[in-house]
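Chemist: can't give you the sequence, but here's the structure:
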């Protein structure tokens, strides 16, 4: 990944941030599975994200036909699945990721969408490094 990141389009924005539709994806050197999403029009705003495959290889996002069509996903291999991370300033080791609201990105078209998963299977706050 180059220093300018990869420009992604989220036509519906993110939950709570519908106005942020264009973001740059960065992966710092040796930081996998962590990544950063920086808002294109407000570079002072960024989100920490995680390639969920790096911590939960069994994680699966069931997409509706409408969601898959909106993302133009033809095969599962075209999807990058990220989750947003919260890092508490008082104890960064207690960081969590939101498994109930993954970001699914078509790596061919660079279009993404945040998907809301309901139920008990994937929590809003999954401890990345294990329970504190």
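Modeler: Structure's in. What do you need? Keep in mind the model is a prediction, meaning the values are calculated, not measured.
Chemist: Please enumerate the strands of the chain.
Modeler: Secondary structure of the chain (DSSP state E): strands located at 6-9, 22-26, 34-39, 46-51, 79-86, 96-97, 103-106, 111-114, 126-127.
Chemist: can I get those strands in TSV with mean pLDDT, mean neighbour count and distance to residue 72?
Modeler: Placement of C-beta: from N, CA and C, glycine included. Below are the strands of the chain laid out as TSV (pLDDT from 0 to 100; neighbours: other CB atoms under 10 Å; distance: least, CB to CB, whole Å):
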stretch	mean pLDDT	mean neighbour count	distance to residue 72
strand 6-9	96	16	12
strand 22-26	97	20	18
strand 34-39	94	20	20
strand 46-51	95	19	21
strand 79-86	95	20	11
strand 96-97	94	23	26
strand 103-106	97	23	6
strand 111-114	96	21	7
strand 126-127	88	16	28
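Chemist: Dump those into TSV; add distance to residue 16 as well.
Modeler: Conversion of the strands of the chain to TSV gives the following (distance: least, CB to CB, whole Å):
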stretch	distance to residue 16
strand 6-9	18
strand 22-26	14
strand 34-39	13
strand 46-51	11
strand 79-86	10
strand 96-97	16
strand 103-106	13
strand 111-114	10
strand 126-127	19
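Chemist: Out of these, which gets nearest to residue 60?
Modeler: Distances from residue 60 to each of these were compared using CB to CB; the minimum, 8.8 Å, belongs to strand 79-86.
Chemist: Direction included, what does that closest one pair against?
Modeler: When pairs are called by DSSP bridges, strand 79-86 turns out to pair with strand 46-51 (antiparallel), strand 96-97 (antiparallel), strand 103-106 (antiparallel).
Chemist: tilt between it and strand 22-26?
Modeler: Strand 79-86 runs at 90 degrees relative to strand 22-26, counting by axes from the mean of the first three to the mean of the last three CA atoms, to 10 degrees.
Chemist: contacts for strand 79-86?
Modeler: Defining contact as CB atoms under 8 Å, 6 or more residues apart in numbering, one finds that strand 79-86 is touched by 14, 34-35, 37, 47-53, 59, 61, 71, 73, 95-99, 101-107, 125-126, 128.
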